[in-house]
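Undergrad: curious how this folds, go ahead:
(one chain, ligands or ions: 2)
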Amino acid sequence: MAVLVTGGAGYIGSHTVQYLQDRDEEIIVVDNLQSGYHDAVKVKAFYSIDLRNEQELDRVFKEHHISGVIHFAANSLVGESMEKPYEYYHNNVFGMMTLLKVMKDHGTNKIVFSSTAATYGEPKESPITENFPLNPTNPYGETKLAMEKMMKWFDRGYGIRYVSLRYFNAAGAHYSGLIGEAHEPETHLIPLILQVPLGKRKKVYIFGDDYDTKDGTCIRDYIHVMDLASAHGKAMDYLRKGNPSEVFNLGNGKGYSVKEVINTARVITDHWIPAEVEQRRPGDPAVLVASSRKAKEILGWNPRYEELGTIIEDAWRWHKNNPDGY
Ligand SMILES: NC(=O)c1ccc[n+]([C@@H]2O[C@H](COP(=O)([O-])OP(=O)(O)OC[C@H]3O[C@@H](n4cnc5c(N)ncnc54)[C@H](O)[C@@H]3O)[C@@H](O)[C@H]2O)c1
Ligand SMILES: O=c1ccn([C@@H]2O[C@H](COP(=O)(O)OP(=O)(O)O[C@H]3O[C@H](CO)[C@H](O)[C@H](O)[C@H]3O)[C@@H](O)[C@H]2O)c(=O)[nH]1
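TA: Numbers count the residues shown, from 1 in each chain. Ligands and ions are numbered 1, 2, ... in the order given. Predicted coordinates for the structure are as follows:
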């Protein structure tokens with residue numbers, strides 16, 4: 001009984017594959033390598049196919065007995081989605097539709113899904129709980145919300161149960177320093193900051209310092225990628241026990257401003273990292289901080305790497321060892 005991981009060669013996917021293999025799960029990876037790396041995973045069953053190709057996906061399900069799916073494959077950049085909404089709808093929404101159709105055809109009835117804080121849009125209060133209004137401010141968040149709704153109706157119609165994990169900002173790397181974040185081009189704050197001490201860029205840009213926050217810069221909730229990985233394991237266990245579909249936030253409940261992240265990175269890398277204020281990035285909400293109480297209570301999730309310093313230290317180990325990525 002195998003678990004299919006779509007997008008398993010990507011950043012969060014590869015860490016989750018490692019985590020699941022460490023607990024002896026049989027893993028199948030489907031990844032079209034548009035932003036992932038074959039070298040990031042060591043699995044026998046690796047299919048470099050596009051999820052939207054129904055015939056090829058169907059073949060994967062014919063060749064393996066797949067009991068559940070963890071679905072990471074998507075386009076996932078807030079800024080890019082503002083410029084390329086078609087690509088986001090096509091990959092994310094049509095990709096999910098194809099996946100659920102093939103799951104239905106093969107009687108696979110469990111899916112753990114990578115949703116996002118971006119489904120909430122610009123919440124009025126903090127921390128965010130799962131019952132907050134869902135009002136995405138960018139196409140990325142809209143497509144993820146559409147995917148959540150699609151799962152709801154496929155559950156109703158075909159009995160495919162789901163756990164939707166709305167994660168906040170994934171960061172950090174596996175403590176081994178052997179796998180980590182490698183996006184090309186990189187747009188995420190922490191790896192961009194670390195490119196300065198690596199000698200790959202001269203400075204970082206702060207996207208707006210006129211937000212209504214303590215120092216004027218955006219506040220985000222950074223969660224260690226290995227804590228995300230363990231949550232996927234817990235979510236799959238939850239579905240295996242026959243529990244009903246659910247939605248959970250995953251964050252560490254602490255918000256850090258862009259300036260605080262830069263300052264922490266300066267300490268960890270022992271490097272002065274020049275920073276320059278630029279204009280706001282379209283689609284960015286001011287503050288996104290999670291309440292993950294529900295995941296802790298219902299899934300029994302127990303995050304272990306909550307300090308921003310630990311998260312940046314682990315990211316730094318990976319980037320220092322692998323300055324050019326995979
Ligand atoms: N990184 C974050 O902070 C964050 C936060 C919230 C949610 N998420 C979600 O988590 C998931 C993983 O994010 P990530 O940062 O690891 O991204 P990533 O780009 O590193 O990984 C996505 C993987 O999916 C693959 N992929 C994309 N489209 C595909 C398709 N049509 N067919 C097959 N493979 C395809 C890519 O090649 C890549 O390996 C995404 O769904 C993203 O929306 C990420
Ligand atoms: O060079 C940069 C890059 C980012 N930022 C700021 O740093 C914060 C974090 O930005 P990231 O691009 O690292 O991450 P996002 O918050 O835009 O989005 C990430 O987290 C979201 C959930 O909160 C999503 O799900 C999404 O997939 C994932 O990329 C934002 O306020 C952004 O404006 C800068 O100031 N300068």
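
Undergrad: can we go C-alpha only for contacts and neighbour counts from here?
TA: Noted.

Undergrad: and the strands in the protein?
TA: Ranges of strands in the chain, per DSSP state E, are 2-6, 27-30, 45-47, 66-71, 110-116, 161-167, 169-171, 204-207, 219-220, 222-224, 246-250, 256-257, 275-278, 287-288.

Undergrad: hmm, the last one in reach of ligand 1?
TA: Yep, that's strand 287-288 we're talking about. No - using C-alpha under 6 Å from any ligand atom, strand 287-288 stays clear of ligand 1, with a minimum separation of 11.5 Å.

Undergrad: can you list the strands that that strand pairs with?
TA: Paired strands of strand 287-288, with direction, are strand 219-220 (parallel) (DSSP bridges).

Undergrad: from the chain's centre, how far out does the strand it pairs with sit?
TA: How far strand 219-220 lies from its chain's middle: 16 Å, per C-alpha atoms, centre = their mean, to the nearest Å.

Undergrad: can you check stretch 165-180 too?
TA: How far stretch 165-180 lies from its chain's middle: 9 Å, per C-alpha atoms, centre = their mean.

Undergrad: near ligand 2, which residues of this structure show up?
TA: Listed as neighbours of ligand 2 in the chain under the rule C-alpha under 6 Å from any ligand atom: 76-78, 116-118, 168-169, 187-189, 204-207, 218, 258, 281, 284.

Undergrad: burial measure for V5, as a count.
TA: Neighbour count of V5, defined by other C-alpha atoms under 10 Å: 25.

Undergrad: is it bridged to anything, and to what?
TA: Under the criterion used (DSSP bridges), V5 bridges to V29, I70.

Undergrad: take the strands of the chain and lay them out in a markdown table including mean pLDDT and distance to N322.
TA: Formatted as a markdown table, these follow (pLDDT from 0 to 100; distance: least, C-alpha to C-alpha, whole Å):
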| stretch | mean pLDDT | distance to N322 |
| --- | --- | --- |
| strand 2-6 | 98 | 25 |
| strand 27-30 | 98 | 23 |
| strand 45-47 | 98 | 23 |
| strand 66-71 | 98 | 27 |
| strand 110-116 | 98 | 26 |
| strand 161-167 | 98 | 26 |
| strand 169-171 | 97 | 16 |
| strand 204-207 | 98 | 20 |
| strand 219-220 | 96 | 26 |
| strand 222-224 | 97 | 19 |
| strand 246-250 | 98 | 28 |
| strand 256-257 | 97 | 26 |
| strand 275-278 | 98 | 24 |
| strand 287-288 | 93 | 30 |
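
Undergrad: need the pLDDT of the residue of the stretch 51-200 of the chain found nearest ligand 1.
TA: Proximity of the stretch 51-200 of the chain to ligand 1 (C-alpha to the nearest ligand atom) peaks at A73, 3.3 Å away. pLDDT recorded at A73 is 98.

Undergrad: pretty sure it is touching Y11, no?
TA: No - counting by C-alpha atoms under 8 Å, A73 does not reach Y11; the two are 10.5 Å apart.

Undergrad: neighbour count: these two, which is higher?
TA: Each of A73 and Y11 has its neighbours counted (other C-alpha under 10 Å); A73 has more, 28 against 23.

Undergrad: any idea how far ligand 2 is from the closest residue to the more buried one other than its chain neighbours?
TA: In space, and not counting its chain neighbours, A73 is closest to G7: 4.0 Å by C-alpha to C-alpha, 6 or more residues apart in numbering. Computed as C-alpha to the nearest ligand atom, to the nearest Å, the G7 to ligand 2 distance reads 13 Å.

Undergrad: G7 and M1: what is the separation?
TA: 19 Å (C-alpha to C-alpha, to the nearest Å).

Undergrad: over to V277?
TA: 51 Å.

Undergrad: what's the answer for S81, then?
TA: Here S81 is placed at a distance of 36 Å from M1 (C-alpha to C-alpha).

Undergrad: before we move on, what about D31?
TA: D31 is 20 Å from M1, by C-alpha to C-alpha.

Undergrad: give me the more crowded residue out of those two.
TA: Taking neighbours as other C-alpha under 10 Å, D31 and M1 compare with D31 leading, 24 against 11.

Undergrad: can you give me the helices for this structure?
TA: 11-22, 54-63, 78-83, 85-88, 95-106, 139-158, 189-194, 225-240, 258-269, 293-294, 308-321 (DSSP state H).

Undergrad: surely G251 touches A295?
TA: No - with contacts counted by C-alpha under 8 Å, G251 stays clear of A295, the gap being 9.7 Å.

Undergrad: more crowded one of those two?
TA: Neighbour totals were compared for G251 and A295, and G251 leads with 31 against 21 (other C-alpha under 10 Å).

Undergrad: relative to ligand 1, how far out is the more buried one?
TA: As judged by C-alpha to the nearest ligand atom, G251 and ligand 1 stand 10 Å apart.

Undergrad: quickly list the domain ranges of this protein.
TA: Residue ranges for the domains of the chain, per automatic domain parsing: 2-171+224-250, 189-220+253-321.

Undergrad: now do the end-to-end distance for the first one.
TA: Translated: domain 2-171+224-250. One end of domain 2-171+224-250 to the other measures 25 Å (C-alpha to C-alpha).

Undergrad: the nearest residue in space to L250 that is not next to it in sequence pairs with what?
TA: Nearest non-adjacent residue to L250, counting by C-alpha to C-alpha, 6+ apart: Y167, 4.6 Å away. Applying DSSP bridges to Y167 gives these bridge partners: T116, L250.
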